[in-house]
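K.L.:
predicted structure and sequence below. I'll ask about it afterward.
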Amino acid sequence: MTSKTVPTYRRIWEISLPIIFSLVAQNVVNVTDTAFLGRVGETELGASAIGGLFYISLFMLGFGFGIGGQILIARRNGERNYSEIGKITDNSLYFLMGMGLVLFLIIKFLSPAMLRPMISSDAVYEASTIFLQYRIYGIFFAFGNVLLRAFYIGTTSTRVLTYNALIMAGTNVILDYVLIFGHFGLPAMGIKGAAIASSISEAVSAIYFFSYTFKMVDLKKYHLFQFRKFEWAIVRKTLDISIFVMMQYFISLSAWFIFFMIIEKMGERSLAISNIIRSAYIVLMIPIFAFGSTTNSLVSNVIGQGRPDQVIPVIKKVALLNFILIGGVVVISALIPNLLISVYTSDPELVSQTVPSFYVIMSALLLFSFSSILFNGVSGTANTATALTIEVITIGVYLVVAWFLAVYLKLSIELVWTSEYIYFLMLGLLSYFYLRSGKWRKKQV
């Protein structure tokens, strides 16, 4: 994207498509774990949801820091201040590895005590704890991937994301098959095998990502990986933006974790249904997440080029493409719900009981296709404190509604999932009103 042109639909698609492919491949990890563990047992299926969400909630602290770095990298890329990109990247690496060590120690030694009061089923608690004890080893490699993802999206050079994610997904599928069920002379490890497979696949992914970068990227242009001394001033500037994104992602994923704790009180069958829904939901959200990242990067780039008037047109273009794609995904998925759900379980009764909740999330995705782009537009302007405020207000209402439907009214699981409508509607409206106000124009980074 040059400094004189508005991003076209084609350019938006060129940036977004590799991110979509990369997210598809990355989510193969989640789908594979869920699909394989669904054939091990409902306890393992539910435990992988709880353990996975606990891990992801903490991982999102690092991912949020990466988004802050991505916003800054995109801004410097728009300014053509390439030497600063390397400094941001190198110092972000130092920070993320330190954070990884802290989170590793928290999960390794404190997660059993943290989970015990939240889970009523002893079997689910035991399996969740086992999952986390092995899953946490992937955190360092995952944060390395976060760093390079921020670099490539920020510089709008996203093609490598596809190759990297395909390698990670392929590794995970093979290792899941071998370790969960026990093949090639190895014992069947069940949920422990799923955690080990995910951690190893992240390591393989990181090795490829860094190898590609050292070989293919002009390191001198960006002053990349010079590994000079740690500069707190650079990290602090990144944190000024990313601290709110980190809190936002942590709160958002923690809210989903709390949502699943509410579901867990409804019984193991409701938890199993919701884990299938969660896994399918995340896969179907992939285009939304990809276009959200594109929105974030393009908004920051055009502001860096001194063209804030292009922010709203960029958001409109991305939102339209996103809605068209998601609309197609929803229509196709709604026609074959049983086929898609059967990927996760071979139990016909569980499949039929999951279908109503599946239709709920299909309609919710249409709302999300707009609200996500608007919300990422707010973040892309670097007004991440405002984005956090929007998220906190929205999540507060969302959790109250979910608790009211599940615990107070004791409604069926598909009606509890309708709380998603409230979340997406509020997120979109609050983001729209803020962007329309024009207050974001005053932010300098």
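P.N.:
The structure has been received and is ready for your questions. Bear in mind the structure is a predicted one, so any value in this text is a computation, not a measurement.

K.L.:
next, the buried residues of the helix or strand of the chain with the lowest mean pLDDT.
P.N.:
The helix or strand of the chain with the poorest confidence is helix 9-37; it has a mean of 74 (mean pLDDT, DSSP states H and E). Using 16 or more other Cβ atoms under 10 Å as the test for burial, helix 9-37 gives 11-37. In this view, the C-beta of every residue, glycine as well, is placed from N, C-alpha and C.

K.L.:
got it, and stretch 88-103?
P.N.:
Under 16+ other Cβ under 10 Å, the buried positions of stretch 88-103 are 88, 89, 90, 91, 92, 93, 94, 95, 96, 99, 100, 103.

K.L.:
and if you look at stretch 393-405?
P.N.:
Within stretch 393-405, the residues that count as buried by 16+ other Cβ under 10 Å are 394, 395, 398, 399, 401, 402, 403, 405.

K.L.:
elements contacting the helix or strand the fourth one falls within?
P.N.:
Same thing as residue 399. Assessed by DSSP states H and E, residue 399 sits inside helix 384-403. The contact analysis (3 or more Cβ pairs under 8 Å, 6 or more residues apart in numbering; DSSP states H and E) places helix 384-403 against helix 232-264, helix 348-380, helix 419-437.

K.L.:
and residue 274, which of the ones you listed is closest to it?
P.N.:
helix 232-264 (4.7 Å; Cβ to Cβ).

K.L.:
next helix or strand past that closest one?
P.N.:
With elements assigned by DSSP H and E, the helix or strand that comes after helix 232-264 is helix 268-284.

K.L.:
now the next helix or strand after that following helix: how far from the chain's centre is it?
P.N.:
Note on helix 268-284: by DSSP H and E, the next helix or strand toward the C-terminus is helix 286-304. Distance, stretch centre to chain centre, for helix 286-304: 14 Å (Cα atoms, centre = their mean, to the nearest Å).

K.L.:
the helix or strand following helix 286-304 versus helix 9-37: what angle between them?
P.N.:
Per DSSP H and E, the first helix or strand lying C-terminal to helix 286-304 is helix 311-335. Angle of helix 311-335 versus helix 9-37, following axes from the mean of the first three to the mean of the last three Cα atoms, to 10 degrees, is 40 degrees.

K.L.:
got the buried residues for the following helix or strand past helix 311-335?
P.N.:
The helix or strand immediately downstream of helix 311-335 is helix 337-341, counting by DSSP H and E. Going by neighbour count (16+ other Cβ under 10 Å), the buried part of helix 337-341 is 337, 340, 341.

K.L.:
neighbours of the nearest residue to residue 413 once chain neighbours are set aside, how many?
P.N.:
Leaving aside its chain neighbours, residue 413 sits nearest to residue 270 (4.7 Å; criterion: Cβ to Cβ, 6 or more residues apart in numbering). Counted with other Cβ atoms under 10 Å, the neighbours of residue 270 add up to 20.

K.L.:
what's the separation between residue 270 and residue 346?
P.N.:
19 Å (Cβ to Cβ, to the nearest Å).

K.L.:
any regions of this protein where pLDDT drops low?
P.N.:
Scanning the chain for pLDDT under 70 picks out 1-6, 25-28, 30, 443-445.

K.L.:
centroid-wise, who is the farthest residue in the chain?
P.N.:
Distance from the C-alpha centroid of the chain peaks at residue 185, with 34.9 Å (Cα atoms, centre = their mean).

K.L.:
tell me the SS of that one?
P.N.:
Of the three states, residue 185 takes coil under DSSP: H, G, I helix; E, B strand; the rest coil.

K.L.:
can you give me phi and psi for it?
P.N.:
phi 80, psi 0 (degrees, to the nearest 10).

K.L.:
show me the contacts for it.
P.N.:
By Cβ atoms under 8 Å, 6 or more residues apart in numbering, no residues touch residue 185.

K.L.:
now distance to residue 352 too, for the buried residues of helix 337-341, in CSV please.
P.N.:
Below are the buried residues of helix 337-341 laid out as CSV (distance: Cβ to Cβ, whole Å):
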residue, distance to residue 352
337, 10
340, 13
341, 9
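
K.L.:
in a markdown table: the buried residues of stretch 393-405, plus distance to residue 225.
P.N.:
Output for the buried residues of stretch 393-405, formatted as a markdown table (distance: Cβ to Cβ, whole Å):
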| residue | distance to residue 225 |
| --- | --- |
| 394 | 38 |
| 395 | 37 |
| 398 | 41 |
| 399 | 42 |
| 401 | 47 |
| 402 | 44 |
| 403 | 47 |
| 405 | 50 |
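
K.L.:
which of those lies closest to residue 433?
P.N.:
residue 394 (12.8 Å).

K.L.:
and the gap between that closest one and residue 113?
P.N.:
Distance of residue 394 to residue 113, computed by Cβ to Cβ: 30 Å.

K.L.:
how about residue 73?
P.N.:
Counting by Cβ to Cβ, the gap from residue 73 to residue 113 is 38 Å.

K.L.:
more neighbours: which of these two?
P.N.:
Between residue 73 and residue 113, counting by other Cβ under 10 Å, residue 73 is the more crowded of the two (30 against 9).

K.L.:
pretty sure the more buried one contacts residue 90?
P.N.:
No: judged on Cβ atoms under 8 Å, residue 73 makes no contact with residue 90 at a distance of 11.9 Å.
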